[in-house]
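Novice: Predicted model, plus sequence, below.
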Amino acid sequence: MKTALITGANRSIGFELAKQLAGQGIFVYLGARSLAKGNAAVQELNETGLKNLKAIEIDVTDPDSIYSASKTIETEQGKLDILINNAGILGESPQGAATTAVEEIRNVFDTNFFGVIGVTQAFLELLKKSDSPRISNITSGLGSLTLHSDPEWKYYQVKTAAYGPSKSALNAYTIVLAHELANHNFKVNAIDPGYTATDFNNHSGPGTVENAASFILKHTLTDNNGPNGKFFSNDIEDSTGISPW
């Protein structure tokens, strides 16, 4: 049985990812900052008949929490096949470039960028023990510098001084990581689930969590000939789903 870890998985897209992965027979560590909330989410999924899940406490901004989670999975599984870096925060709004406090920008980067790096590095040795390791970094179309420079883009007016740049940085890190791990059978990609109705945006997005999770898993559960170092977006309206950086 393959094993997956999803950060920020006690609600919204993360929760749906856990549901769909478990439904495909993969053992899922449902990551949550609060173990109580993680256990409640697992209990809810258990009641639907899914038993191959376990809550794990992991705060991506806390190195001790990350280390503890990695040691738990090492002891219980000995390896990790799939890492989905899903945890993220929007930060306060509005986010003007001239007015957003540096501390607020740093806070958003702490979760969305540095948190991903910390988790990835902590679990890298366990992933290397997998026959087909996968790392999916959940990003946003708002991280695309190319699209943000195009006045015709439908979200051109949605500019954020913290959230968008944190995802641009994440995209850049994904490119470097994918290149570095390419010879170790890894597939590392940045995946944007699209503008989805979640607690994150007060349910204002047109997409569903079911469709968002399905899109993420389409580009995560790939074979060894699958793409590496790409940026996929559910808001790109063509058959490739590939977004410009």
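Specialist: Good, I have the coordinates.

Novice: Could you name the helices and strands sitting against the longest helix along the chain?
Specialist: With secondary structure taken from DSSP state H, the chain has its longest helix at helix 163-181. Counting contacts by 3 or more Cβ pairs under 8 Å, 6 or more residues apart in numbering; DSSP states H and E, helix 163-181 is packed against helix 102-109, helix 115-128, strand 134-138, strand 187-192. Every residue, glycine included, has its C-beta placed from N, CA and C.

Novice: Try it again at 10 Å.
Specialist: Other elements packing on helix 163-181 under the criterion 3 or more Cβ pairs under 10 Å, 6 or more residues apart in numbering; DSSP states H and E are helix 102-109, helix 115-128, strand 134-138, helix 145-148, strand 187-192, strand 231-233.

Novice: list the buried ones in that helix?
Specialist: Neighbour counts over helix 163-181 (16 or more other Cβ atoms under 10 Å) mark 163-171, 173-175, 177-178, 181 as buried.

Novice: swap in stretch 41-50?
Specialist: Applying 16+ other Cβ under 10 Å to stretch 41-50 flags 41-42, 45, 50 as buried.

Novice: now stretch 121-132
Specialist: Using 16+ other Cβ under 10 Å as the test for burial, stretch 121-132 gives 122-124, 126-127, 130, 132.

Novice: Can you lay out these as CSV showing pLDDT and distance to residue 192?
Specialist: Shown next, in CSV, are the buried residues of stretch 121-132 (pLDDT from 0 to 100; distance: Cβ to Cβ, whole Å):
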residue, pLDDT, distance to residue 192
122, 98, 24
123, 98, 22
124, 98, 23
126, 98, 26
127, 98, 22
130, 98, 25
132, 97, 23
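
Novice: So which residue is dead centre in this structure?
Specialist: What sits nearest the mean C-alpha location of the chain, by Cα atoms, centre = their mean, is residue 86, with 2.5 Å.

Novice: Out of the buried residues of stretch 121-132, which comes closest to residue 9?
Specialist: The closest of those to residue 9 turns out to be residue 123 (Cβ to Cβ; 14.7 Å).

Novice: Is it correct that that closest one is in contact with residue 77?
Specialist: No - counting by Cβ atoms under 10 Å, residue 123 sits too far from residue 77 to count as a contact (11.0 Å).

Novice: Between those two, which contacts overlap?
Specialist: Common neighbours of residue 123 and residue 77, using Cβ atoms under 10 Å, 6 or more residues apart in numbering, are residue 5.

Novice: what pLDDT does the spatially closest residue to residue 234 that is not a sequence neighbour get?
Specialist: Sequence neighbours aside, residue 194 is the residue nearest to residue 234 in space, at 3.1 Å (criterion: Cβ to Cβ, 6 or more residues apart in numbering). At residue 194 the predicted local distance difference test score is 95.

Novice: Fine by me, thanks again.
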